[in-house]
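Colleague: Output the structure for:
(4 chains)
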Number of protein chains: 2
Amino acid sequence: MLLSLQAPSAANRLISALPRKDRQHFLAACEPVQLVFAETLVEPNERIRHVYFPTQGLISLTMPMYGSDSLGIGLVGNEGMLGISLTLGMNGSPLHALVQGGGPAWRMSTRTFRRELTKSPALQRELKHYLYVMMKQIAQTAVCTRFHIVEARLANWLLMTHDRAHADAFHITQEFLARMLGVRRVGITKAATALQNRGLIHYRRGHITILDRDGLEAAACQCYQTNLSTYAQIMSPRSDTRTDRMQQIKAKAE
Amino acid sequence: MLLSLQAPSAANRLISALPRKDRQHFLAACEPVQLVFAETLVEPNERIRHVYFPTQGLISLTMPMYGSDSLGIGLVGNEGMLGISLTLGMNGSPLHALVQGGGPAWRMSTRTFRRELTKSPALQRELKHYLYVMMKQIAQTAVCTRFHIVEARLANWLLMTHDRAHADAFHITQEFLARMLGVRRVGITKAATALQNRGLIHYRRGHITILDRDGLEAAACQCYQTNLSTYAQIMSPRSDTRTDRMQQIKAKAE
DNA sequence: TTCCATGTGTGCGCCAGCGCCCAGACACTG
DNA sequence: CAGTGTCTGGGCGCTGGCGCACACATGGAA
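Modeller: Numbers count the residues shown, from 1 in each chain, chains lettered A, B, ... in the order given. Predicted structure coming up:
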């Protein structure tokens, strides 16, 4: 994988945000694992066996539909976790989780996670906020998918991947992107060609390189920035209350 | 309104599901209000002042987008509540909440709700499950909006409204439906005409009557049934654990 | 009774994305 | 070095939904 380019031990941001004591205890209950490219971690409506906190790996979440259609509705990198629905008292998730980029992650069994959750109010609080961010992002995806063209949505997805891959180049095929965006592969070919012609990306047989990050952001719809700033504002470290936070967001949005 | 057709005091199902003691305490902290048609209850990213538990009223949730586009992503009737994001420690919601059908509801201030929440583990549990159902439904909406045609999605929305209106006739204009489904008004005209020609509904100047409920269900996409059974299975009364529940759902889905 | 706001029906040109199919380019493997 | 699988490009006809513009019906208010 391309992960050799990265810092050796980037931490998971959810875990990092915990108070030191909780964090140490939590990490002690984790085991390090290597996420393997293209591996399925969670099937819809199957029992969740482990939760994952990627440090450099990257997991994509898709909502399947009867038939062969599906739609990507989120990514989990070192800013998030897989298995958040356990915090709602459920044993499963409606989403399909697939490793989009190999790399290290922290893993914990469902049972252990539940136990840790009851022990740490800080963790509960952190994950509630993460859950809110995810919900908002899913809703945003719904609107974005409805109203924005493939090219913008592609730029969007590439940017999200870029953020989490910690590298300018990564492995991702048009076929895969098509499933994520819920379009035909040819639709991706067309959009990707356009982006490449504008010098924003380079790709070749499943290997994509981001050439012009700023240009790509300009090509994406506003949804990307919206999601980014939601995360930044909600998950900001250690603010004891979210009071007035929403006001700021609103002010910024106008 | 048409609510005179209904039983005078249908209860809110979330509240009903609480253990008797918690329920009585909770209701004592509520005040009865009348939801007024077309009233906005929550603006995106504004502070939530009250939570609502409709008993017969009906609230629609939409995700706005910069520009004038928006997309309906949920309905709240006596099966749910408005303001669920408070349970995640947030003060606001990304969604716009509008009264789609007038009628009575229980209301509680944000402050009181937070207090009640800490007092009743049963309430916490109930609302976590409700939150899960909502999340899954939003994701379902995203996929449905992407892949299904307007006619099916219209049938879908009408059925959801029908379930919560407790009446075969209700007030809803094509203009409004267009905003909910994220299409042009003309698109609704076309789809609604088709449904009417098939004898499934009758409508006239904002007044819709469901004529053939079964036929309408056949005209809707499977998403309607999916959402319905998700609610039924997750929110089923008083099962102490969701263990094996997911297995059942999965079995049923195959 | 007249008038106006609201709600609905229709026509027309346009385009993004679909479904299907085939062709070319490259890369791994034996 | 041949063979096979993977990835990308492109053509063609189709259709669902868009944007715009206009006509009409109805019901309530002046």
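Colleague: Report the spatially closest residue to the residue in chain A that DNA strand D sits nearest to, excluding sequence-adjacent ones.
Modeller: Using C-beta to the nearest atom of the strand, A:Gln174 is the residue of chain A that sits closest to DNA strand D, at 3.4 Å. C-betas here are computed from N, CA, C, even on glycine. Leaving aside its chain neighbours, A:Gln174 sits nearest to A:Ile188 (4.3 Å; criterion: C-beta to C-beta, 6 or more residues apart in numbering or on different chains).
Colleague: Likewise for A:Tyr66?
Modeller: Distance criterion C-beta to C-beta, 6+ apart; nearest residue to A:Tyr66, sequence neighbours excluded, is B:Gln222 at 6.0 Å.
Colleague: Can you check the pLDDT for that neighbour?
Modeller: Per-residue pLDDT puts B:Gln222 at 91.
Colleague: Which strand or helix spans A:Arg153?
Modeller: helix A:150-165 (DSSP states H and E).
Colleague: gap between that helix and the chain center?
Modeller: Mean-position distance between helix A:150-165 and its chain equals 11 Å (C-alpha atoms, centre = their mean, to the nearest Å).
Colleague: How about stretch A:54-67?
Modeller: On C-alpha atoms, centre = their mean, the centre of stretch A:54-67 falls 8 Å from that of its chain.
Colleague: Show me which positions of it end up buried.
Modeller: A:54-65 (16 or more other C-beta atoms under 10 Å in any protein chain shown).
Colleague: Throw these into TSV and include distance to chain B, pLDDT and secondary structure, thanks.
Modeller: Listed next are these as TSV, based on distance: C-beta to the nearest C-beta, whole Å; pLDDT from 0 to 100; DSSP: H, G, I helix; E, B strand; the rest coil:
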residue	distance to chain B	pLDDT	secondary structure
A:Pro54	21	97	strand
A:Thr55	25	96	coil
A:Gln56	26	92	coil
A:Gly57	22	91	coil
A:Leu58	20	92	strand
A:Ile59	16	95	strand
A:Ser60	14	94	strand
A:Leu61	9	95	strand
A:Thr62	9	93	strand
A:Met63	5	93	strand
A:Pro64	8	88	strand
A:Met65	5	85	coil
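Colleague: Return the closest of the residues you listed with respect to DNA strand C.
Modeller: Nearest member of those to DNA strand C, counting by C-beta to the nearest atom of the strand, is A:Met65, at 11.9 Å.
Colleague: picking that back up, and the pLDDT at the residue of chain A closest to DNA strand D?
Modeller: The predicted local confidence for A:Gln174 is 86.
Colleague: related to what we said a few turns ago, restrict the buried residues of stretch A:54-67 to contacts with DNA strand D.
Modeller: Residues of those in contact with DNA strand D (C-beta under 7 Å from any atom of the strand): none.
Colleague: which of these sit farthest apart?
Modeller: A:Thr55 and A:Met65 (31.8 Å; C-beta to C-beta).
Colleague: Next one: stretch A:63-75, is it in contact with DNA strand C?
Modeller: No - against DNA strand C, stretch A:63-75 shows no contacts by C-beta under 7 Å from any atom of the strand, the least distance being 8.1 Å.
Colleague: Run through who's touching that stretch.
Modeller: With contact meaning C-beta atoms under 8 Å, 6 or more residues apart in numbering or on different chains, stretch A:63-75 is reached by A:44, A:58-62, A:94-96, A:100, A:134, A:137-138, A:141, A:145, A:157, A:160-161, A:164, A:179-182, B:139-140, B:142-144, B:146-147, B:222.
Colleague: Restricted to helices, list those.
Modeller: Among those, the residues falling in helices (DSSP state H) are A:134, A:137-138, A:141, A:145, A:157, A:160-161, A:164, A:179-181, B:139-140, B:142-144, B:146-147.
Colleague: I'd like to know which of those are buried.
Modeller: For the ones in helices among the contacts of stretch A:63-75, buried by 16+ other C-beta under 10 Å: A:134, A:137-138, A:141, A:145, A:157, A:160-161, A:164, A:179-181, B:139-140, B:142-144, B:146-147.
Colleague: which of these are close to DNA strand C?
Modeller: Counting by C-beta under 7 Å from any atom of the strand, no member of those reaches DNA strand C.
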